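*Asks:* no sequence on hand, only this structure:
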C-alpha cells in the first residue's frame, strides 16, 4: 500500500511539469485568440463567419406573411436549420465558394417540414430573398379551389388519417387534407375573388398550377376547370404566404428547390410600422411566439389587388 502511494506520488511529480507546460501553452493560445478577436481584423472575420454560416439579419419586405410576420419586422435567420447554405456576400449576393454539392449547401441537411416558415431565394431572381410558409414538400399533391387549400401528403392515407383526422376530405375517391395549417395568422380576404385572380395570372402566363375539373367543386370556369392542381417534385417545396389572397408564391411561380433554401426565421430583434412607430411588444420575440400568441397577431388588410 505504501509502495503504491509512493509510486503514484512520484508519477504525479514527474508528470506535473509537462502538465503545467501544456496548461501554459493552452493559456497562451487562448490569449492570442482573444487578442485577435479584439482586433479590427479579427472582429470582421468573426462577423463574416457568423453571417456566412450561421445567422443573418433579414427584414420583412412585404405583406405576404401578414398577420404573422409584419412589414417592418427585423429578424435573425438561422442558416443552419436545413444544412449550411453556400455562403454569399450580403447585399450583392455573390457566392464566396463554389457549389461543391450542386445543391446550394456546403453541408446538406433535412429540408423544411410542412408548416415551417422558411427564408429562401426567389426562383425568379436568386438575389432576392422571400419568406413564406412551406405547405407541401416533394411528392405531395396540392389542390386549390378558390380560397381553400387541399394537400395530399406523400406518406399516404394512413398517415393523413392518423394526424389530420378532423380535416380529411375525399376528393374523387382520393384522400386529401383540407386546410392542414391552423396558425392564427393564416387568413383570407373576403373582398378578393380568388378565381378571378387565378384566371388573370393564368392569362398572363404567370401561374404554375394546372386547371382541373373536380366533381362537387362547382361549375367550370373560363380556365377550363373549377380547381387548380400541382404535384411537388422531389426535393422541392410548395410555399404560400399566410396572407393567402395577397401572396405571390408557389401558386404563381412554382415550387422551390432545396438549393434555394436559406433557413428559418429565429426571433425579432426590432420592429416598427410604416409610420416608424416602434412595436415594442414584438421586439425580442421568437418567431414561434409571434405566430402562436394571439395578442401579437395584427390584422392589417392589404389593397384588394395586391400580390406581395
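*Replies:* Happy to help now that I have it. It should be emphasised that the depicted structure is a prediction, and the values quoted were computed from it without experimental measurement. Numbers count the residues shown, from 1 in each chain.
*Asks:* any idea where the helices of the stretch 151-300 of the chain begin and end?
*Replies:* 157-163, 194-203, 250-253, 287-292 (DSSP state H, counting those that start in this stretch).
*Asks:* which of the ones you listed is buried the deepest?
*Replies:* Burial of the helices of the stretch 151-300 of the chain is given as mean neighbour count (mean count of other CB atoms under 10 Å); helix 250-253 ranks first at a mean of 22. For the C-beta atoms, the positions are set from N, CA and C on the backbone; glycine is no exception.
*Asks:* assign the residue nearest to the spatial centre of the chain to helix, strand or coil.
*Replies:* Closest residue to the average C-alpha location of the chain: residue 118 at 0.9 Å, with CA atoms, centre = their mean. Put simply, residue 118 is strand when judged by DSSP: H, G, I helix; E, B strand; the rest coil.
*Asks:* that one against residue 132, yeah?
*Replies:* Yes: using CB atoms under 8 Å, residue 118 is in contact with residue 132, at 6.4 Å.
*Asks:* run through this structure and note the low-pLDDT ranges.
*Replies:* Along the chain, the parts satisfying pLDDT under 70 run over 1-20, 29-30, 32-34, 36-38, 40, 42-54.
*Asks:* domain-wise, how is it divided?
*Replies:* Domain assignment for the chain by automatic domain parsing gives 2-38, 48-296.
*Asks:* format those as JSON lines; extra columns: distance to residue 307.
*Replies:* Below are the domains of the chain laid out as JSON lines (distance: least, CB to CB, whole Å):
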{"stretch": "domain 2-38", "distance to residue 307": "46"}
{"stretch": "domain 48-296", "distance to residue 307": "4"}
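*Asks:* wait, which of those is closest to residue 302?
*Replies:* domain 48-296 (4.1 Å; CB to CB).
*Asks:* now residue 108: phi and psi?
*Replies:* phi -80, psi 150 (degrees, to the nearest 10).
*Asks:* just give me the neighbour total for it.
*Replies:* 14 (other CB atoms under 10 Å).
*Asks:* what of the one 4 residues further on?
*Replies:* Burial of residue 112 is recorded as 21 neighbouring residues (other CB under 10 Å).
*Asks:* how about it, nearest residue that isn't a chain neighbour?
*Replies:* residue 134 (4.3 Å; CB to CB, 6 or more residues apart in numbering).
*Asks:* helix or strand: which one has that neighbour?
*Replies:* Using DSSP states H and E, residue 134 falls within strand 129-137.
*Asks:* now the element after that strand, going C-ward?
*Replies:* Next in sequence after strand 129-137, counting helices and strands by DSSP H and E, comes strand 141-145.
*Asks:* against which helices or strands is that following strand packed?
*Replies:* In terms of contacts (3 or more CB pairs under 8 Å, 6 or more residues apart in numbering; DSSP states H and E), strand 141-145 is packed against strand 148-152, strand 227-231.
*Asks:* most neighbours per residue, which of the ones you listed?
*Replies:* strand 148-152 (a mean of 22).
*Asks:* now do the strands in the stretch 151-300 of the chain.
*Replies:* Remark: strands assigned in the stretch 151-300 of the chain by DSSP state E, counting those that start in this stretch are 168-171, 174-178, 210-212, 227-231, 236-240, 256-257, 261-271.
*Asks:* using TSV, please lay out the ones you listed together with distance to residue 155.
*Replies:* Shown next, in TSV, are the strands of the stretch 151-300 of the chain (distance: least, CB to CB, whole Å):
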stretch	distance to residue 155
strand 168-171	14
strand 174-178	11
strand 210-212	23
strand 227-231	15
strand 236-240	16
strand 256-257	20
strand 261-271	21
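*Asks:* pick the most buried one from those strands.
*Replies:* Among the strands of the stretch 151-300 of the chain, ranked by average contacts under mean count of other CB under 10 Å, first place goes to strand 236-240 (a mean of 26).
*Asks:* wait, what's in contact with residue 149?
*Replies:* The neighbours of residue 149, taking CB atoms under 8 Å, 6 or more residues apart in numbering as the test, are 135, 142, 143, 178, 179, 180, 240, 244.
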